[in-house]
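Novice: below are the sequence and a predicted model; questions follow.
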Amino acid sequence: MALLCSNVSMFLANPMSTINFLDELESYYTVSEITRLIKDVLETSMPVVWVQGELSNFVHHGSGHMYFSLKDEIAQIKGVMWRGNNENLFFTPQDGMRVNAFGRIRVYEKRGVYQLDILKMVPAGIGDLQLAFEELKKRLAQEGLFESIHKKPLPIYPERIGIITSSTGAAIRDIVNVLNRRFPSVVKIIRPALVQGEDAAQDIASAIKEFNQYKNVDVLIVGRGGGSLEDLWAFNEEIVARAIFQSDIPVISAVGHEVDFTISDFVADMRAPTPSAAAEMVVMEKDDLLDTVQKIVQRCTQAVKNNVQNKKEQVRYIKASYGLRRPEDVVRQHRQRIDEITRTISRNVTHSFTVEKNRFDHAKSRLSNLHPASVLKRGYTITLHDGKFIKRVAELKPENSVKIQFTDGTADSSIHRINKDEKSQKIFSEWGTDE
Amino acid sequence: MNEKNKKSFEESLNRLEDIADQLESGDVDLDETMALYEEATSLAKWCHEKLSKAEEKIYKLSKENETFNVTELE
């Protein structure tokens, strides 16, 4: 019975040079035993390792697992990345890409093979990210995802804007500031999302889907502020590209700075060079719109004036041609209508934006009507006795000397007789005034 | 955030344009002229109010058990 060695030196120290054909072996390994030994040696001597190599024969299997080889000029090793480990890759691996892979050597006894069971994988360099970018761009372009036929027009006057970005970054501040400056009434709804790191692409894609389920926004801004290629990488992921493509709500991609182009930019309905620029392009300037409204109102006013002028001329024409034979009141009615319209126009000529001001002016004039000076101007007088206003005859006695204030001066007088009766009331009620 | 006024800015502006076109065409009678003009001024007032209103708040969309909540951010 063979000894099962787990010690490398013992294993190597077993020379097998001079064995004759039918000799009884005193000591040997079964296949299982030697494989087990190999497994022990490999797996225990290298618990975890980083390996750099180029990806080849990469397959992302339907089961979710990834199978591939890592190779260099001389050798290659099989690699596997199980679904649970590859879910959080921040990039999509491609053949030809150099990667740094972190994992364990695993020996599969049944098939007598060893492979790298990979836990983490990152591109080995910027060039490799570029490669992944170019590969994905090429593939999605071939599928037609970037074609202009798929681009939805942005709404002209959006009233509700969905924003997908970090709730703490500079991007949200920039977007909100610009929106508030240009079009303060627009409703801003953010779905906070991770914008970098392993889970970012998934989170951004989910956010786009959520807004599409929620529906109640007119346009989406998806983006983040500037950063390294790696920081912006989520926006180069296929899952984000597909979510943007499938969005029924128009999407503006706003990632990084002017120089940064991402896959999201290509697939979005509109690319904005920065988050601020996205806010600039999504709404018009409020003042421009006010100006537009005002111009239309001016057009209306002018048109009404012209129409009225035409009608006036018609009336003159009718009067001239029919003279007195034409029933006068028809003409009068017509003229009255014109006057009414003219009054409406002059009321609205500075149009309704000034309604508030007019109300204020009106209130002011009503107040000034109540001012004693205005009352005097209309012919009323004020009676003073001993410097006090006299409001009731009961306050006076015969022989009192009084001062009567007119609008243009005073008259000194003395009370002759007091008549406390309804006569004066009657005068007022006849005048029908309550002022 | 209640959207009690469903009329959109875009619709109002389009209607305003319509009215201006109609009035400029000159083939509306005086009663109609009057009515259109009054409609135009009230639409213009509405647009002005809509544009001048400031929406200071930022809202947050969140999803919980298949229902969406829109709450004030922070």
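Specialist: Good, I have the coordinates.
Novice: and the next helix or strand past the helix ranked longest in chain B?
Specialist: In chain B, with assignment by DSSP state H, the single longest helix is helix B:30-52. Using DSSP states H and E, the next helix or strand after helix B:30-52 towards the C-terminus is strand B:58-64.
Novice: in that following strand, what's buried?
Specialist: Residues B:58-61 are the ones in strand B:58-64 that count as buried (16 or more other C-beta atoms under 10 Å in any protein chain shown). Every residue, glycine included, has its C-beta placed from N, CA and C.
Novice: and what of stretch A:55-74?
Specialist: Quick answer for stretch A:55-74 (16+ other C-beta under 10 Å): A:55, A:58, A:66, A:68-70.
Novice: thinking A:Asn220 is in contact with A:Ser253, fair?
Specialist: In this structure residue A:220 is Leu, not Asn. No - if you go by C-beta atoms under 8 Å, A:Leu220 and A:Ser253 don't touch, sitting 9.4 Å apart.
Novice: in the stretch 51-200 of chain A, what residue comes closest to chain B?
Specialist: Relative to chain B, the nearest point of the stretch 51-200 of chain A is A:Pro184 (3.9 Å; C-beta to the nearest C-beta).
Novice: give me the nearest residue to that residue, chain neighbours excluded.
Specialist: In space, and not counting its chain neighbours, A:Pro184 is closest to B:Ala54: 3.9 Å by C-beta to C-beta, 6 or more residues apart in numbering or on different chains.
Novice: what of A:Met121?
Specialist: Here the nearest residue to A:Met121 in space, its sequence neighbours aside, is A:Ala101; by C-beta to C-beta, 6+ apart that works out to 4.7 Å.
Novice: tell me what the one you found is bridged to.
Specialist: Counting by DSSP bridges, A:Ala101 is bridged to A:Val51, A:Met121.
Novice: which residues touch it?
Specialist: Taking C-beta atoms under 8 Å, 6 or more residues apart in numbering or on different chains, we find A:Ala101 in contact with A:50-53, A:70, A:79, A:116, A:118, A:120-121.
Novice: can you pull the pLDDT of the residue nearest to A:Pro184?
Specialist: Listed pLDDT for B:Ala54 reads 85.
Novice: contact partners for it?
Specialist: Neighbours of B:Ala54 in contact, by C-beta under 8 Å, 6+ apart: A:180, A:184-185.
Novice: give me the phi and psi for it.
Specialist: When read as degrees, to the nearest 10, the backbone of B:Ala54 gives phi -100, psi 130.
Novice: so where's chain A shaky on pLDDT?
Specialist: Where chain A drops to pLDDT under 70, the residues are A:1-25, A:318-331, A:345-376, A:378, A:421-435.
Novice: longest helix in it, by residue count?
Specialist: For chain A, the longest helix by residue count, based on DSSP H, is helix A:286-322.
Novice: where exactly do the helices run in chain A?
Specialist: Remark: helices assigned in chain A by DSSP H are A:8-12, A:31-45, A:83-86, A:126-143, A:170-182, A:200-214, A:238-246, A:263-267, A:275-282, A:286-322, A:328-348, A:355-370, A:372-377, A:423-431.
Novice: of those helices, which is nearest chain B?
Specialist: Relative to chain B, the nearest member of the helices of chain A by C-beta to the nearest C-beta is helix A:286-322, separated by 3.6 Å.
Novice: tilt between that closest one and helix A:170-182?
Specialist: Per axes from the mean of the first three to the mean of the last three C-alpha atoms, to 10 degrees, the angle that helix A:286-322 makes with helix A:170-182 is 20 degrees.
Novice: helix A:286-322: how far from the chain's middle?
Specialist: Distance, stretch centre to chain centre, for helix A:286-322: 41 Å (C-alpha atoms, centre = their mean, to the nearest Å).
Novice: check whether that helix contacts chain B.
Specialist: Yes - under the criterion of C-beta under 8 Å from any C-beta of the partner chain, chain B is reached by helix A:286-322 at A:286, A:289-290, A:292-294, A:296-297, A:299-301, A:303-304, A:306-308, A:310-311.
Novice: and the residues you listed, which are buried?
Specialist: Burial by neighbour count, judged by 16+ other C-beta under 10 Å, picks out A:286, A:289-290, A:293, A:296-297, A:299-301, A:303-304, A:307-308, A:311 from the residues of helix A:286-322 next to chain B.
Novice: buried residues in the longest helix of chain B, which are they?
Specialist: Along helix B:30-52, these residues count as buried under the neighbour rule (16+ other C-beta under 10 Å): B:30, B:33-34, B:36-37, B:40-41, B:43-48, B:50-51.
Novice: now do the contacts for the residue lying closest to A:Thr342 once chain neighbours are set aside.
Specialist: Of all residues not flanking A:Thr342 in the chain, A:Val308 sits nearest, at 6.1 Å (C-beta to C-beta, 6+ apart). Applying C-beta under 8 Å, 6+ apart to A:Val308 gives the contacts A:338, A:341-342, A:345, B:30, B:33.
Novice: and which of these is nearest B:Glu17?
Specialist: Closest approach to B:Glu17 among these (C-beta to C-beta): B:Thr33, at 16.8 Å.
Novice: still on that earlier bit, what is the most widely separated pair among the contacts of A:Val308?
Specialist: Farthest-apart pair in the contacts of A:Val308 is A:Ile345 and B:Leu30; separation 12.1 Å (C-beta to C-beta).
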